[in-house]
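Peer 1: Predicted model follows, preceded by the sequence.
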Amino acid sequence: MKQPMPASFPPLTPRAPKILILGSMPGEMSLLKNQYYAHPQNRFWKIMFRYFGAPFSGDYEARKTLALQNGVALWETIALCERENSSLDSFIKNPKPNDIAGFLRRYPSVQAVFTNGGTSTAIFQKNFPQIPATILHRALPSTSPANARMDAEILYAVWEAALDEALNRNNLEQNG
């Protein structure tokens, strides 16, 4: 029996987002909990708390508050897809993209778009090849447990450099 197509969440959006971080499609645990990056082995929230200098919290409300207070919006490149019995991106079929271009028009404060992992990057590049030149795009390594072979410190360093670039660029434009 065919399962219904999983749907991504609505974007988590601060009033004036600076950075839009795009995953591909929430995994099974995230869908069950209705939370971005809910799998305990996903390193996304550890990176965010470390970068913004806050003590790590497993509480989802604290996680959302951290993102929102720091101008970070979260969404997925895929609105709907077929994916049976797995959270792995390699099982995604027939992806239907979210309206990223519309999001960027609604929120002109976005200075950077980060794609979290290869599938998110591929979907983004295929469906949104023309984003404004004023918006920085960085394809970042996945924080997913499926990318466990990447050392946590190296993963953090790559994400840290991208966050620094985006936030320093934003500060320069505001103060310039």
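Peer 2: That came through, no problem.
Peer 1: on contacts alone, who are the packing partners of the helix or strand F124 falls within?
Peer 2: Using DSSP states H and E, F124 sits in helix 118-127. Counting contacts by 3 or more CB pairs under 8 Å, 6 or more residues apart in numbering; DSSP states H and E, helix 118-127 packs against strand 19-23, strand 93-97, strand 112-116, strand 136-140. All C-beta spots, glycine's among them, are computed from the backbone N, C-alpha and C.
Peer 1: Next up, the contacts around R138.
Peer 2: 112-115, 162, 165-166 (CB atoms under 8 Å, 6 or more residues apart in numbering).
Peer 1: what two of these are the furthest from one another?
Peer 2: Using CB to CB, the two most remote members of the contacts of R138 are T115 and E165, lying 14.6 Å apart.
Peer 1: Who has more neighbours out of those two?
Peer 2: Taking neighbours as other CB atoms under 10 Å, T115 and E165 compare with T115 leading, 24 against 14.
Peer 1: From K33, how far off is the closest residue to the more buried one other than its chain neighbours?
Peer 2: Once flanking residues are discounted, T115 sits nearest to T121: 4.1 Å by CB to CB, 6 or more residues apart in numbering. Distance from T121 to K33, counting by CB to CB, to the nearest Å: 25 Å.
Peer 1: which one of the two has more residues nearby?
Peer 2: Between T121 and K33, T121 has the larger neighbour count (other CB under 10 Å), namely 21 against 12.
Peer 1: could you measure the more buried one against G102, distance?
Peer 2: Applying CB to CB, the value for T121 to G102 is 20 Å.
Peer 1: do V110 as well
Peer 2: As for V110, its distance to G102 is 12 Å (criterion: CB to CB).
Peer 1: which one of these two has more residues nearby?
Peer 2: Taking other CB under 10 Å, V110 and G102 do not tie; V110 has more neighbours (25 against 9).
Peer 1: Am I right that the more buried one is in contact with I21?
Peer 2: No - look at V110 against I21 with CB atoms under 8 Å: they stay out of range, at 10.6 Å.
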